[in-house]
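# got a predicted structure plus its sequence, pasted below:
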Amino acid sequence: MDHRVESFMANIIAKNPNEQEFHQAVQEVAESLIPFIEENPKYKHAKILERIAEPERVILFRVPWLDDKGEIQINKGYRIEMNSAIGPYKGGLRFHPTVNLGILKFLAFEQVFKNSLTTLPMGGGKGGSDFDPKGKTDNEVMRFCQSFMTELARHIGPDTDIPAGDIGVGGREIGFMFGQYKRLRNEFTGVLTGKGREWGGSLIRPEATGYGCVYFAQAMLKTRNDSLEGKIISISGSGNVAQFAAEKVTELGGKVVTVSDSNGYIYDPAGINREKLDWLMELKNIKRGRIKEYAEQYGVEYVEGMRPWSIKCDVALPCATENEINKEEAERLIKNGCFVVSEGANMPSTNDAVEVFLRNRILYGPGKAANAGGVAVSGLEMTQNSMRLSWHREEVDQKLQQIMKDIHETCIKFGKEEDGHINYVKGSNIGGFVKVADAMLSQGAV
């Protein structure tokens, strides 16, 4: 590691002990940015990177709620308001037992760069709770969401902080929280994104992260005069992002052969066609079942307790969660012929895995670029709310495709090396940084 990066990271670790995911996210960015900052002393003198790595505000609160047995349960609630240099805080809420301060700070830090890359005026934030919606009744989820929003409402607003969904927070949870915000504030505003279509939501918001991830993969392939047509695709996850990534890949002529959940993965060599995908969507979205049932339904292989990265593929789309591809799995992917990785999840590859991708010079789209489609359409939802208008599906999809092309162009601008190879990690980190850094310089030491 560069001694300047080492010195910077020593300071970050000392100030933020026991927050491994946050350290990992900052280090990945620092390795690209510190050499760039050395060449641009205005950023160095103003200590812009040090300021970006420190949240503007961290909110922690208690969330008491009543379960169906009449017993009081208590969870922790969080909101990290990371950076508002280019717009109000924007980023998802995650409800999952693994949620802690370190994970949310890493997500909020990534969000600053991702939102900057979209070209839309959005700052970065993230929040959530260690509450687990799995196994809870609708009434229990509603009571939790209402208690959570009762506290959060005083810290957010359409011009301050606009949360969205993330893992464990879908349309149901957004609806319950929006209803409570409206009761408390007596106003109907675009304070949350991912809302229902009938009450302020945007068309293709559910599809946006998965679609955007595939559009980015397609843009990377185009630089080599190639496309997704006829490619074998391995996808992890089976939630919102994975489902719509699979839908778009199939539409573009690729063949999806894997999906997974926290228990294991299925391998369907014939490919997950439209009919199978519809069945999978009903299983996961309505029945809330496990991926093993897909294997039983279609007579395909199910591998318990493993991730799908040992399966031979041309393109890998990690769409589950952070650190789901380690160094060994990255090496196995490359050995099996994978030459495109486009990240649908946030930081799904460990730093060691990213090094493997970069060393082998594959087409590697990091999450802050490749999965920015979700927050991009959230930004478009905010615009529609402000205008009290609703755009057609085709219009939103065209805007999404254009934003993903713009992000790709930014990555080329800042990441193209002398031999013509595009380092998308460097390109997305520097491209996302410059816009925020210049805004911070303009606004003074705030």
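Thanks, I have the structure now. Numbering: from 1, shown residues only.
# packing partners of the helix or strand where A164 lies?
Secondary structure from DSSP states H and E places A164 in strand 161-165. Under the contact criterion of 3 or more C-beta pairs under 8 Å, 6 or more residues apart in numbering; DSSP states H and E, strand 161-165 touches strand 72-83, strand 89-95, strand 124-129, helix 171-185, helix 373-387. Quick note: C-beta positions are derived from backbone N, CA and C, even for glycine.
# pLDDT weak spots in the stretch 251-400 of the chain?
Low-confidence segments of the stretch 251-400 of the chain, defined by pLDDT under 70, are absent.
# next, the distance between the ends of stretch 226-240.
End-to-end distance for stretch 226-240, by C-alpha to C-alpha, to the nearest Å: 27 Å.
# repeat for stretch 185-203
Span of stretch 185-203 from end to end, C-alpha to C-alpha: 26 Å.
# try stretch 376-396
For stretch 376-396, by C-alpha to C-alpha, the gap between its terminal residues amounts to 10 Å.
# which residues of the stretch 251-400 of the chain fall in helices?
Here the stretch 251-400 of the chain has its helices, by DSSP state H, counting those that start in this stretch, at 274-285, 292-298, 327-335, 351-359, 367-370, 373-387, 393-415.
# out of those, deepest packed?
helix 367-370 (a mean of 30; mean count of other C-beta atoms under 10 Å).
# and it, how far out from the chain's middle?
From the chain centre to the centre of helix 367-370 is a distance of 8 Å (C-alpha atoms, centre = their mean, to the nearest Å).
# try stretch 22-39
20 Å.
# flag every buried residue along that stretch.
22-34, 36-37 (16 or more other C-beta atoms under 10 Å).
# could you give the mean pLDDT of that stretch?
For stretch 22-39, the mean pLDDT works out to 96.
# need the CA coordinates for it. CSV is fine.
The C-alpha trace of stretch 22-39 is given here as CSV (Å, rounded to 0.1, in the frame of the first residue of the first chain):
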residue,chain,number,x,y,z
PHE,A,22,-16.3,1.6,6.6
HIS,A,23,-12.5,1.2,6.6
GLN,A,24,-12.8,-1.0,3.5
ALA,A,25,-14.9,1.5,1.6
VAL,A,26,-12.7,4.4,2.5
GLN,A,27,-9.5,2.6,1.6
GLU,A,28,-10.9,1.5,-1.8
VAL,A,29,-11.6,5.2,-2.6
ALA,A,30,-8.4,6.5,-1.0
GLU,A,31,-6.2,4.3,-3.2
SER,A,32,-7.6,6.0,-6.3
LEU,A,33,-7.9,9.5,-4.9
ILE,A,34,-4.8,10.2,-2.9
PRO,A,35,-2.5,10.2,-6.0
PHE,A,36,-5.1,12.4,-7.8
ILE,A,37,-5.3,14.8,-4.8
GLU,A,38,-1.4,15.1,-4.7
GLU,A,39,-1.6,16.3,-8.3
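# please shift the residue numbers so they start at 43 in all later answers.
Noted, 43 is the first residue going forward, which turns the last one into stretch 64-81.
# mind listing residues that contact it?
43-44, 46-47, 50-51, 54-55, 58, 85-86, 90-91, 95, 144-145, 147-148, 151-152, 155, 365, 389, 392-393, 396, 408, 467-468, 471-472, 475 (C-beta atoms under 8 Å, 6 or more residues apart in numbering).
# any of those buried? List them.
Buried among the contacts of stretch 64-81 (16+ other C-beta under 10 Å): 47, 50-51, 54-55, 58, 85, 90-91, 95, 144-145, 147-148, 151-152, 155, 365, 389, 392, 396, 408, 467-468, 471-472, 475.
# what's the nearest residue to the residue nearest in space to the middle of the chain if we skip its chain neighbours?
Geometric centre of the chain, nearest residue: N388, 4.3 Å, by C-alpha atoms, centre = their mean. Leaving aside its sequence neighbours, N388 sits nearest to G409 (C-beta to C-beta, 6 or more residues apart in numbering; 5.0 Å).
# my guess is the one you found meets V383, correct?
No. Contact criterion C-beta atoms under 8 Å: G409 and V383 do not qualify, at 10.4 Å.
# could you check the angle the strand holding A206 makes with helix 415-429?
When axes from the mean of the first three to the mean of the last three C-alpha atoms, to 10 degrees is applied, the directions of strand 203-207 and helix 415-429 differ by 130 degrees.
# tell me the angle strand 203-207 makes with strand 131-137.
Going by the same axes, to 10 degrees, strand 203-207 makes 40 degrees with strand 131-137.
# list of residues touching strand 203-207?
121, 123, 130-135, 167, 169, 194, 197-198, 213, 215-216, 232-236, 416-417, 420, 424.
# what is I277 paired to in the beta sheet?
L359 (DSSP bridges).
# can you get me a residue count around it?
30 (other C-beta atoms under 10 Å).
# and A261, by the same measure?
The burial count for A261: 22, using other C-beta under 10 Å.
# nearest residue to it in space, please, no chain neighbours.
H450 (4.2 Å).
# just the pLDDT for the one you found.
At H450, the model reports a pLDDT of 98.
# does it touch Q260 like I think?
No. Counting by C-beta under 8 Å, H450 stays clear of Q260, with 9.4 Å between them.
# contacting residues for I445?
With C-beta under 8 Å, 6+ apart, I445 has these contacts: 160-162, 254, 414-415, 418.
# how far away is it from D310?
Counting by C-beta to C-beta, to the nearest Å, the separation of I445 from D310 is 32 Å.
# enumerate every residue touching the nearest residue in space to I454 that is not next to it in sequence.
Of all residues beyond its chain neighbours, the one nearest I454 is I464 (5.7 Å), with distances taken as C-beta to C-beta, 6+ apart. By C-beta under 8 Å, 6+ apart, I464 lies in contact with 262, 265, 453-454, 457-458.
# what two of these are the furthest from one another?
Pairwise distances across these (C-beta to C-beta) peak at 12.8 Å, for the pair M262 and K458.
# the more surrounded of these two?
Neighbour comparison, M262 and K458: the larger count goes to M262, with 26 against 15 (by other C-beta under 10 Å).
# please name the nearest non-neighbouring residue to the more buried one.
L405 (4.1 Å).
# shouldn't that neighbour be in contact with V382?
Yes. At 4.5 Å, L405 and V382 qualify as touching, with contact defined as C-beta under 8 Å.
# shared neighbours of the two, which are they?
Counting by C-beta under 8 Å, 6+ apart, the residues touching both L405 and V382 are 259, 262-263.
# tell me the buried residues in stretch 459-469?
So stretch 459-469, judged by 16+ other C-beta under 10 Å, has buried residues 464-469.
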